[in-house]
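Novice: Need coordinates for the following:
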Amino acid sequence: NSIKGREYGFVDITADAGMSYYYKLEAIEFSMAGSFHGPVMSQPAQPDEAEGSVGSGGSGGPAVPPEAGSSGVYKIYVREDGIYRLTHTNLTAGGVTNLAAWTVGNTRLYNMGSEIPVSIHDEGDGFFGTNDHIEFFGTGLVSRFTGDNVYWLYQATNAGLRIPEVGISGGSTVTSAWNTMHFEEDKMYWEALPDEAPDDDHWFFSAVISAPETTDIKPALQHVSGVTSSATVRIALRGINYTVDHHIQVEINGQILPDGFWSGDSQYVYSADFQQTNLVTGTNTIMITAPGDTGAPIEQLVVNWAEIDYVRTLDSDNSFLAVRPETAGTMSFKVSGLAESDCRVFSINNETNLSLITNTVIQGTGPFNVTFSASLDSNTTLAVASPSGLKAPVLIQEASLPGLRNTTNGADYIIIAHGAFVAASQPLADFRSA
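Specialist: As a prediction, this is how the structure comes out:
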């Protein structure tokens, strides 16, 4: 909706590599009259082709690990935050062929140039057997270009970082904890909005709010506690008019919240506290209204995401629970509703600062309960998972490393290109090497 010429782009995250896709572009005037352009054909490249130079970190960053040789290095693709388990089965399926000779004690994992601590289960022989596994805390990558964060797994010449084990007892008994539910639907890509930060988020909910208009978001909350404390709602919005003022009115389950105001096309994060007793377990409704009273001839908004901070009970969602304590200190927890008796409990500050909680007691015959104690602060996330709640990577593949760090290569000129341009850039490489 700008009179200025701009470059536009669209990323189809559902497209499969190697397939041909045809797209049309619809231009819509303010009068809502539309005209189509195209179609145009696009064929996504295979992952290795899209990366160009295999010595870079790929979509996960520049993270060729130290000590890594020319073979036996594997890329672990992660898309969501969570505790990941690498088993003999999925490593074999990902092309790891030497597990029988893999010394588990020398396993190392890297991401974005930093070593990531892991927890290793070994049956006792020191090699990676069929019942052994590796666990780590992985995070998704927030980017307009990819959702894959790449971790690098390899066998070094000495032991790598391990997740420390902590076992304590006692503490005050707690029956609830803080939870943040994040709701985001990347349905519409709006490239024309200016970047406010490198790799800014240009994905939004599908509806454009054209004032005066109302839209709603229907988040589902789990195990809402009946406490009388305050909850918090946050909504990230952007105006798609470059200079006008914006005004929104917000309700949650019928409760009227304070209005929000901002100007221009920058991101605005609306935030308001309200009584938690207004929330329900299941579907909740957030109403967002642009009343159209700012005086702007055209006022349009898009919603990026919404979050609700609330207190929930310690009932797991079948096989996984992630919460934050209401207060800091040593506490005793009892988590119920686990699908399996083999339970893992982690205290997480970030992916390099976490611990495995021991001294857990499993009770029941299914669903199962687990009790344990932990010393936590307000920034700690407590993650409880049985095996079916642990995540598996979306892809494991062997990395082809060209040895760019090897000083004997003597490279003076490196060309990094999209896979589609590698052949076209070869004459330049030949010219430079002549």
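Novice: wait, doesn't Phe128 sit right on Trp102?
Specialist: Yes - using C-beta atoms under 8 Å, Phe128 is in contact with Trp102, at 4.2 Å. Any C-beta I mention is one placed from the backbone N, CA and C, and that applies to glycine too.
Novice: higher neighbour count, these two?
Specialist: For Phe128 versus Trp102, neighbours defined as other C-beta atoms under 10 Å are more numerous around Phe128 (27 against 21).
Novice: That one: what's it in contact with?
Specialist: Taking C-beta atoms under 8 Å, 6 or more residues apart in numbering as the criterion, Phe128 is in contact with His88, Leu91, Leu99, Ala100, Trp102, Val104, Asp122.
Novice: Quickly note the distance from the fifth one to Lys391.
Specialist: When distances are taken as C-beta to C-beta, to the nearest Å, Trp102 and Lys391 turn out to be 22 Å apart.
Novice: List the contacts of the nearest residue to Gln255 once chain neighbours are set aside.
Specialist: Excluding the flanking residues, the one nearest Gln255 by C-beta to C-beta, 6 or more residues apart in numbering is Asn278, at 4.8 Å. Asn278 is in contact with Ala231, Ile252, Asn253, Gly254, Gln255, counting by C-beta under 8 Å, 6+ apart.
Novice: From Thr285, how far off is Asn278?
Specialist: For Asn278, the distance to Thr285 - C-beta to C-beta - is 11 Å.
Novice: Torsion angles phi and psi at Phe127?
Specialist: Taking degrees, to the nearest 10, you get phi -120, psi 160 for the backbone angles of Phe127.
Novice: Does it have any beta-bridge partners, and if so which?
Specialist: Note on Phe127: beta-bridge partners by DSSP bridges are Thr103.
Novice: Determine the residues that are contacts of both of Asn278 and Thr285.
Specialist: With C-beta under 8 Å, 6+ apart, Asn278 and Thr285 have common neighbours Ile252, Asn253.
Novice: okay, which residue is most central for this structure?
Specialist: Gly140 (2.9 Å; C-alpha atoms, centre = their mean).
Novice: can you confirm His247 is in a strand?
Specialist: Yes - going by DSSP: H, G, I helix; E, B strand; the rest coil, the assignment for His247 places it inside a strand.
Novice: which stretches of the stretch 1-150 of the chain form helices?
Specialist: Taking DSSP state H, counting those that start in this stretch, the helices of the stretch 1-150 of the chain run over residues 47-51, 88-93.
Novice: And those, which one averages the lowest pLDDT?
Specialist: Mean pLDDT values for the helices of the stretch 1-150 of the chain show the minimum at helix 47-51, a mean of 37.
Novice: average pLDDT across the biggest helix by length in the chain?
Specialist: The residue-count maximum for a helix in the chain (DSSP state H) belongs to helix 422-433. Per-residue pLDDT over helix 422-433 has a mean of 88.
Novice: Over to stretch 244-258?
Specialist: On average, stretch 244-258 scores 96.
Novice: Kindly report the same for stretch 176-196.
Specialist: pLDDT averaged over stretch 176-196 gives 88.
Novice: which parts of it are buried?
Specialist: Ser176, Ala177, Trp178, Asn179, Phe183, Glu184, Asp186, Trp190, Leu193 (16 or more other C-beta atoms under 10 Å).
Novice: Just the C-alphas of the longest strand seen in the chain, formatted as PDB.
Specialist: For the chain, the longest strand by residue count, based on DSSP state E, is strand 300-313. The C-alpha coordinates for strand 300-313 follow below in PDB (Å, rounded to 0.1, in the frame of the first residue of the first chain):
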ATOM      1  CA  GLN A 300      -4.100  -0.900   8.400                       C
ATOM      2  CA  LEU A 301      -2.500  -3.300  10.900                       C
ATOM      3  CA  VAL A 302      -1.100  -6.900  10.900                       C
ATOM      4  CA  VAL A 303      -0.600  -9.200  13.900                       C
ATOM      5  CA  ASN A 304       2.800 -11.000  14.300                       C
ATOM      6  CA  TRP A 305       2.300 -13.000  17.400                       C
ATOM      7  CA  ALA A 306       0.600 -13.100  20.800                       C
ATOM      8  CA  GLU A 307       1.700 -14.500  24.200                       C
ATOM      9  CA  ILE A 308       0.000 -15.200  27.500                       C
ATOM     10  CA  ASP A 309       1.900 -15.600  30.800                       C
ATOM     11  CA  TYR A 310      -0.300 -17.500  33.300                       C
ATOM     12  CA  VAL A 311       0.000 -19.900  36.200                       C
ATOM     13  CA  ARG A 312      -0.700 -23.600  35.400                       C
ATOM     14  CA  THR A 313      -0.900 -26.700  37.500                       C
END
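Novice: Which strands or helices does that strand pack on?
Specialist: strand 176-183, strand 203-204, strand 208-210, strand 213-217, strand 220-221, strand 230-239, strand 286-290 (3 or more C-beta pairs under 8 Å, 6 or more residues apart in numbering; DSSP states H and E).
Novice: May I see the buried residues of the fourth one?
Specialist: Within strand 213-217, the residues that qualify as buried by neighbour count (16+ other C-beta under 10 Å) are Glu213, Thr215, Ile217.
Novice: what sits opposite the last one in the beta ladder?
Specialist: Which is Ile217. According to DSSP bridges, beta-bridge pairing links Ile217 with Ile286.
Novice: quick one, what contacts Ile134?
Specialist: Arg85, Leu86, Val104, Thr107, Leu109, Val118, Ser119, Ile120, His121, Leu153.
Novice: how about 10 Å then?
Specialist: 76, 84-88, 91, 104, 107, 109, 118-122, 128, 153 (C-beta atoms under 10 Å, 6 or more residues apart in numbering).
Novice: In strands only, show me those residues.
Specialist: Ile76, Tyr84, Arg85, Leu86, Thr87, Thr107, Leu109, Ser119, Ile120, His121, Leu153.
Novice: Make a PyMOL selection of the buried ones in the residues you listed.
Specialist: Filtering those down to the buried ones (16+ other C-beta under 10 Å) takes a single PyMOL command:
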select buried, resi 76+84+85+86+87+107+109+119+120+153
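Novice: Specify which member of the ones in strands among the contacts of Ile134 is nearest to Phe145.
Specialist: Ile76 (18.9 Å; C-beta to C-beta).
Novice: Count the neighbours of the closest residue to Ala236 other than its chain neighbours for me.
Specialist: The shortest distance from Ala236 to any non-neighbouring residue, by C-beta to C-beta, 6+ apart, is to Asn304 (4.0 Å). Number of residues near Asn304 (other C-beta under 10 Å) recorded here: 20.
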